[in-house]
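Colleague: Mind folding the following:
(one chain, ligands or ions: 1)
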Amino acid sequence: MSAPGQLPHYIGGEFAGPVDGAWLDDIQPATGAVLGRIARGTFQDVNRAVEAAKAALQGPWAGWTLAQRADLCDAIANGIEARAEELARLESQDTGKTITMARNVDIPRAVANFRFFAGAARHQSGDFFEMPDAINYTLRKPVGVVALITPWNLPLYLLSWKTAPALVMGNAVVAKPSELTPMTATALAEIIHEAGAPAGAFNLVHGLGGEAGQALVEHADVNAISFTGGTTTGRMVAATAAPHFKKLSLELGGKNPTLVFADCDFEAAVEGAARAAFLNQGQVCLCGSRLLVERSIENEFTAALVEKAKSMRLGDPDAEDTQLGSLISQDHRDKVEGYVRLAREEGGTILCGGERPSLPAPLDRGAFLQPTVVGGLPSDCRTATEEIFGPVVTVHPFDTEAQAIAMANGVRYGLSASVWTRDLGRAHRVSAALQTGMVWVNTWLHRDLRVPFGGVKESGVGREGGRYSLEFFSEATNVCVKKTP
Ligand code: NAD
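Modeller: Reported below is the predicted structural model:
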């Protein structure tokens, strides 16, 4: 186990401090308090982790059967479940998200991810192609050493989403979580250790993106990189990895439209649009931050959304009835507030929010911001097309279906969209015309772990989920066997 307040690396089955002795502070965004010390990884730490991973691939881990690896994932799921309340508290403290969200979404999903991929791997079928004079079958082998780089908004949720398929397919993992939210990653290393994973199968290196993350991406012996984070970082990761022909999966940013047609179920659409705009303080890559509303209901719809936003309980993330917690950091709040200022400069009207709430100490030192609805902006201005990643939604009216589709597609991102209508024909037509990897109709963020998850355009490359993850974390070798006459 790691010492309380210390967040060391986990390398080759052991918790270890940084080689050069440097640590970072882990800050609680809701209060500004220092929660602990994070190992500040450098190339030396990354190199040790990669060497440990390579050794695991030459050692006992290589001999584990798929059934044994699936059992390991189930044991890890049980370990997370046994510590669920503690993990929810750590996640809430580290991110500023509400304890309710951490309890109901983040931690249960981490359990589900390990259970799901254990089952998916057990039940996957292989490829078989018959020829008149030969048969082909396809082996699935581990890729090797895989780097998993994850962001701060859904820390354990996203780390488990990558770790489970990577382990179940027999790879050796080097994980680099966000330096802003290291706590549940360290807890996961403890759980994986206790579940009996052999040394080196899972390694964790903490540290800054430009140091530990960059060193991991550059490392010549890393065979694949699964990255979730911002588009700018993803571009750097892709440029660094390309000359080495590393296998690459990129889940990047979004500026997702919520399309509301006049024939929608009004109440459900308001509820859905508000959830899409403000869940996790608007810090979900899938958040619907551009609301496109048919002109005939625009005023009524916007008024209802503003009413809902104003009624949301913002404050102590630890209180069970809080609906909106803190943003991830003061720096990030500054960035989001910069966009609120930009919205005004671009001619927008702040219909609600946009201000820091007045909260009692120690929350007065937290990175809180009221949920914000902006009207009156053109749909192609910067505020309406750049990812803000905070509790800010812009509202734009449209007159025709074609106009709505053109506005929805008029951004460089293409992660997800939601469409609210009672007309089934329109729902199918619009879904097919949207340039996004995912579309929800009359719902939002309704997830089946088997379906392809990912984006087009600048929202990423590749898909995660179900067999898509199992394929990414394995290499296919086709064997062609001549039939004997
Ligand atoms: P980020 O890109 O700043 O950081 C993500 C991770 O990359 C962190 O672990 C960071 O330390 C690391 N990193 C930073 N620079 C690096 C480098 N040069 N080399 C290697 N690693 C480096 O993103 P963030 O601010 O942590 O997260 C927010 C972003 O993530 C948003 O843009 C959001 O849309 C996106 N996101 C996307 C998805 C998705 O599934 N598409 C899911 C969640 C978040």
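Colleague: Find the centremost residue of the chain, please.
Modeller: For the chain, the residue nearest the mean C-alpha position is residue 158 (4.9 Å; CA atoms, centre = their mean).
Colleague: Within range of the ligand, give me the residues from the stretch 51-200 of the chain.
Modeller: Taking CB under 6 Å from any ligand atom, the part of the stretch 51-200 of the chain that reaches the ligand is made up of 149-153, 176-179. Bear in mind the C-beta positions are built from the backbone N, C-alpha and C, glycine included.
Colleague: try it again with 5 Å
Modeller: 149, 151-152, 178 (CB under 5 Å from any ligand atom).
Colleague: Give the full set of residues in contact with the residue nearest to the centre of the chain.
Modeller: Applying CB atoms under 8 Å, 6 or more residues apart in numbering to residue 158 gives the contacts 150-151, 228.
Colleague: Tell me the gap between the helix or strand that contains it and the middle of its chain.
Modeller: Element membership for residue 158 (DSSP states H and E) is helix 155-168. The chain centroid and the centroid of helix 155-168 are separated by 11 Å under CA atoms, centre = their mean, to the nearest Å.
Colleague: separation between the closest residue to residue 10 other than its chain neighbours and the ligand?
Modeller: Closest residue to residue 10 apart from its sequence neighbours, by CB to CB, 6 or more residues apart in numbering: residue 189 at 3.7 Å. Applying CB to the nearest ligand atom, to the nearest Å, the value for residue 189 to the ligand is 15 Å.
Colleague: Residue 189 belongs to a strand, doesn't it?
Modeller: No - counting by DSSP: H, G, I helix; E, B strand; the rest coil, one finds residue 189 to be helix, located in no strand.
Colleague: Which two of the residues of the stretch 51-200 of the chain next to the ligand have the greatest separation?
Modeller: 149 and 152 (11.7 Å; CB to CB).
Colleague: Just the C-alpha atoms of stretch 250-260, please, in PDB.
Modeller: Output of stretch 250-260 as PDB, limited to C-alpha atoms (Å, rounded to 0.1, in the frame of the first residue of the first chain):
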ATOM      1  CA  LEU A 250      -7.200   9.200 -29.800                       C
ATOM      2  CA  GLU A 251     -10.400  10.300 -28.000                       C
ATOM      3  CA  LEU A 252     -10.300  14.100 -28.100                       C
ATOM      4  CA  GLY A 253     -12.400  17.200 -27.500                       C
ATOM      5  CA  GLY A 254     -16.000  18.000 -28.600                       C
ATOM      6  CA  LYS A 255     -18.400  20.900 -29.200                       C
ATOM      7  CA  ASN A 256     -21.500  18.800 -29.300                       C
ATOM      8  CA  PRO A 257     -24.900  20.100 -30.600                       C
ATOM      9  CA  THR A 258     -28.200  19.400 -29.000                       C
ATOM     10  CA  LEU A 259     -30.800  19.700 -31.800                       C
ATOM     11  CA  VAL A 260     -34.300  20.500 -30.500                       C
END
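Colleague: is that stretch up against the ligand anywhere?
Modeller: Yes - residues of stretch 250-260 are located near the ligand by CB under 5 Å from any ligand atom, namely 251, 253.
Colleague: Report the rounded mean pLDDT for that stretch.
Modeller: The predicted model assigns stretch 250-260 a mean pLDDT of 98.
Colleague: mind checking how far the residue nearest to residue 10 is from residue 208?
Modeller: Distance, residue 189 to residue 208, by CB to CB, to the nearest Å: 19 Å.
Colleague: How about residue 404?
Modeller: Taking CB to CB as the measure, residue 404 falls 42 Å from residue 208.
Colleague: neighbour count winner among those two?
Modeller: The residue with more neighbours, out of residue 404 and residue 208, is residue 404; 26 against 16, by other CB atoms under 10 Å.
Colleague: Mark out where each domain of this protein begins and ends.
Modeller: Following automatic domain parsing, the chain resolves into domains at 6-252+459-478, 257-448.
Colleague: Point out the one among these that comes closest to residue 484.
Modeller: Of the domains of the chain, nearest to residue 484 by CB to CB is domain 6-252+459-478, at 9.7 Å.
Colleague: now do the same end-to-end measure for the closest one.
Modeller: Domain 6-252+459-478 has an end-to-end distance of 47 Å (criterion: CA to CA, to the nearest Å).
Colleague: and that domain, how far out from the chain's middle?
Modeller: 12 Å.
Colleague: returning to what we had before: neighbour count winner among residue 149 and residue 152?
Modeller: residue 149 (25 against 21).
Colleague: Could you double-check that residue 294 sits in contact with residue 269?
Modeller: No - counting by CB atoms under 8 Å, residue 269 is not a contact partner of residue 294; they are 10.6 Å apart.
Colleague: Between these two, point out the one with more neighbours.
Modeller: Shown here are residue 294 and residue 269; by other CB under 10 Å, residue 269 has more neighbours (25 against 22).
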